[in-house]
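In: Sequence and computational prediction follow.
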Amino acid sequence: MTTLPAPSSWTRRVQAVLHRHPRLRLSGLLAPALLWLVLLYLVPLVLLLLTAFAETDSFTGQITWTLSADTVLDVLTTPAYLFTALRTVLVAVGVTVLCAVLALPLATYMALVAAPRRRPLLVALVVTPLWASYLVKVYAWRILLAPEGVLGGASPGYGWTAVVVTLTYLWLPYMVMPVYTGISALRGSYLEAAADLGARPWTTFRTVVLPVLKPAIAAGSVFTFSLSLGDYITVQLVGGTNQMLGNLVYANFSTDLPLAAALAVLPLIVMAAYLLTIRRTGALDRL
Amino acid sequence: MRCLSARRGLRSAAVVGALGLALAACGGGGSGSAGGAQQQAPAGEAYAGPVGQGEGKLSVLAWPGYAEDGSTDPAVDWVTPFERATGCQVSVKTFATSAEAVQLFGTGEYDVVSASGDASLRLVYGDRVQPVNTGLVPNYADIIPDLKDKPWNTVGGKNYGIPHGRGANLLLYNTAAHSTAPTSWKDMWEPGSPAAGKISPYDDGIYIADAAVYLMATQPDLKITNPYALDQRQFDAAIALLKQQKPMVSEYWADVVKQGQGLSSGALSEGQGWQLTANLANTDAPNTVGTVKPTEGATGWSDTWMVKKDTPNINCAYQWLNHVISPEVNAQIAEYFGEAPANTKSCALTKDRNHCATYHAQETDFWDNVYYWTTPTEDCLDGRTDVKCVPYDQWVRSWSELRSA
């Protein structure tokens, strides 16, 4: 500490000003983060919203900045788009439910049944698929699920079942990890305490286990739900002729940016609603 | 702007909702779709030349198979010789649809692009490209006259690019599933087709024109004369045909490799596609994919190399234009991609002596029922003035709706 060079008069003056003005100090500290948030996140989001209200030249496809709500109204009144949105949400819900159903026993085994020294190995095994390339995994499923392919008659063929199965495979680790962490927090002593106090198994489950699991599953579902909602590559590879919202955006952003922007707002609304609901469970505190 | 004042004073999420409502109140007046044909071509001057020392780099946006640098197949390489001869380091980006080409070229990152007819005019009127001084491209003299000064490469008497070659979107079929070669598109359109569940149409709005081509032959009372000039009634009929096709579709294709594998393995029975796709598939598994131009005719492409409006690499760009349409390289590309070369001297240089005959490069009447991709406009391209035609943006939206229905 003693070897610190003496601050120059300039830095000392800055220090003095900052010392006298705590608000300046605070805004100085927050500015870089806020700048990042505003410039790279909020501004593009606002531009996206504004683009939805622009129009394109029908010939060149370039944007003419005449404000019009036609595109947005078009999206909100065209059944095909709304059904696609609905199907996308259903896929996301399906994937989330399947992930939860698979993750619960798996995480319970990992946290409570398996020998403690084995646990790191099991965690590593669950996480390992995340290290492989997304495309490689989806292509593997494409080959696996090919009609009249490896599975023969057992294959569901390309379609919604294939999409849900593939996405469940892809996002399962994101559900297992929070649930595993949640169950790990559930010490055996809690259950014993509940039993000592005369709670029957069902009451124990309802009053001790569930309050711990609910936010954990909710936290995992934020990942599985949002990742499924935004996915558009899996459905291209194993979905046959089906499309999700992401495909609509992808197909239109090159020719009709306002339409793509208006369509992109749909998952934003769904996700905002979902996060607001989830927040009430307290799950977001655990992320 | 009066409409927008409602926004003032509202906060956070409420802004979004209120903005929507305010604009909804403003909307509805005027469709706003500008008619394409009356638009003025932007004033631009072609490079005066002379073509000098290259700038050292060139960024190329091309259809797959048009700018091969040996990375797909070490034996297929005409980019490296160009780099050696000119010192222009070439970076190649490929695209799958014309829509993608227009969008990518709009980013300004590319110096030259191989544009099909449904992209070229949108690039010209979108002020993305500059006129081309054909006098600075010596090999232009050998281009077949049938491709010169055409509406898709020439606007207001100015050439906006160099013709590259042309081809037809063929009927591709799995040879094991067809004892005799099909001659008609009907198995891709009609219900109860033996190929049902195993067909693969092109995944782009321009595919609506393929439905129109089939309707020209099968429903003459619709009086379609140009598959890109469809009035509302004709357009609706094409969409109805596509809806009838959809339950029989296995996958819409945008990736030549994926489609080729499907056709080759038998997972797909018939598809609309390119000779390139069949060539690639047959390289891996010989004689598994056949091609035919059905009797109803076909859509097709006639491509043009165009130059970015204010490219800093103008000398490299002109050298590239001259390189790709040189007799040798144009022959290589035409053979590799499976299309008819634009350079008349290329026909003597193809490895397969019959290439130009197979692809009817010099037979102008073969191309009579090949309808080159072009951009549909409100003013009917077939010259009708008593009706409005369905413009391109409606094609795109209808396609989106059809695909997501």
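Out: Here it is on my side, so go on.
In: which stretches of chain A form helices?
Out: For chain A, the helices defined by DSSP state H cover A:9-20, A:22-37, A:43-52, A:70-77, A:79-108, A:119-127, A:134-145, A:160-184, A:188-196, A:201-204, A:210-230, A:234-238, A:245-252, A:257-279.
In: Which of the ones you listed sits closest to chain B?
Out: Proximity to chain B (Cβ to the nearest Cβ) singles out helix A:79-108 among these, at 4.2 Å. C-betas here are computed from N, CA, C, even on glycine.
In: Right, and chain A sits closest to which residue of the stretch 151-300 of chain B?
Out: Closest point on the stretch 151-300 of chain B to chain A, by Cβ to the nearest Cβ, is B:Val249, at 4.9 Å.
In: Surely B:Val92 is within a strand?
Out: Yes - assessed by DSSP: H, G, I helix; E, B strand; the rest coil, B:Val92 belongs to a strand.
In: if I look at it, how far off is A:Arg119?
Out: Distance, B:Val92 to A:Arg119, by Cβ to Cβ, to the nearest Å: 50 Å.
In: of these two, who's got more company?
Out: Using other Cβ atoms under 10 Å in any protein chain shown, the more surrounded residue of B:Val92 and A:Arg119 is B:Val92, with 17 against 14.
In: May I have the secondary structure class of whichever residue of the stretch 51-200 of chain B sits closest to chain A?
Out: Nearest to chain A in the stretch 51-200 of chain B, going by Cβ to the nearest Cβ, is B:Gln103, at a distance of 3.3 Å. Following three-state DSSP, B:Gln103 is assigned to helix.
In: Flag every residue of the stretch 101-250 of chain B that's near chain A.
Out: For the stretch 101-250 of chain B, the contact set with chain A under Cβ under 8 Å from any Cβ of the partner chain comprises B:102-104, B:106, B:121-122, B:125-126, B:203, B:205, B:246, B:249-250.
In: before we move on, back to that, next, the contact list for the residue of the stretch 151-300 of chain B closest to chain A, please.
Out: Contact analysis of B:Val249 by Cβ atoms under 8 Å, 6 or more residues apart in numbering or on different chains lists A:240-241, B:199-201.
In: so can I have JSON lines of those residues showing neighbour count and pLDDT?
Out: JSON lines is the format used below for the contacts of B:Val249 (neighbours: other Cβ atoms under 10 Å in any protein chain shown; pLDDT from 0 to 100):
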{"residue": "A:Gly240", "neighbour count": "20", "pLDDT": "88"}
{"residue": "A:Thr241", "neighbour count": "18", "pLDDT": "89"}
{"residue": "B:Ile199", "neighbour count": "22", "pLDDT": "95"}
{"residue": "B:Ser200", "neighbour count": "26", "pLDDT": "95"}
{"residue": "B:Pro201", "neighbour count": "25", "pLDDT": "96"}
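In: Let's see which of these end up in strands.
Out: Residues from the contacts of B:Val249 lying in strands, with DSSP state E as the criterion: B:199-200.
In: rewinding a little: pull the most distant pair out of the residues of the stretch 101-250 of chain B next to chain A.
Out: Greatest spacing in these, by Cβ to Cβ: B:Tyr125 and B:Ser250 (36.9 Å).
In: and residue 136, how many neighbours does it have?
Out: Answering for chain A, as no chain was given. The burial count for A:Val136: 8, using other Cβ under 10 Å.
In: I was after chain B.
Out: When counting by other Cβ under 10 Å, one arrives at 19 neighbours for B:Leu136.
In: ok, now B:Pro145?
Out: If you count neighbours by other Cβ under 10 Å, B:Pro145 ends up with 8.
In: what do you get for B:Pro74?
Out: By other Cβ under 10 Å, 8 other residues sit near B:Pro74.
In: Buried by neighbour count: which residues of stretch A:55-71 qualify?
Out: When neighbours are counted by 16 or more other Cβ atoms under 10 Å in any protein chain shown, the buried residues of stretch A:55-71 are found to be A:55-61, A:67-71.
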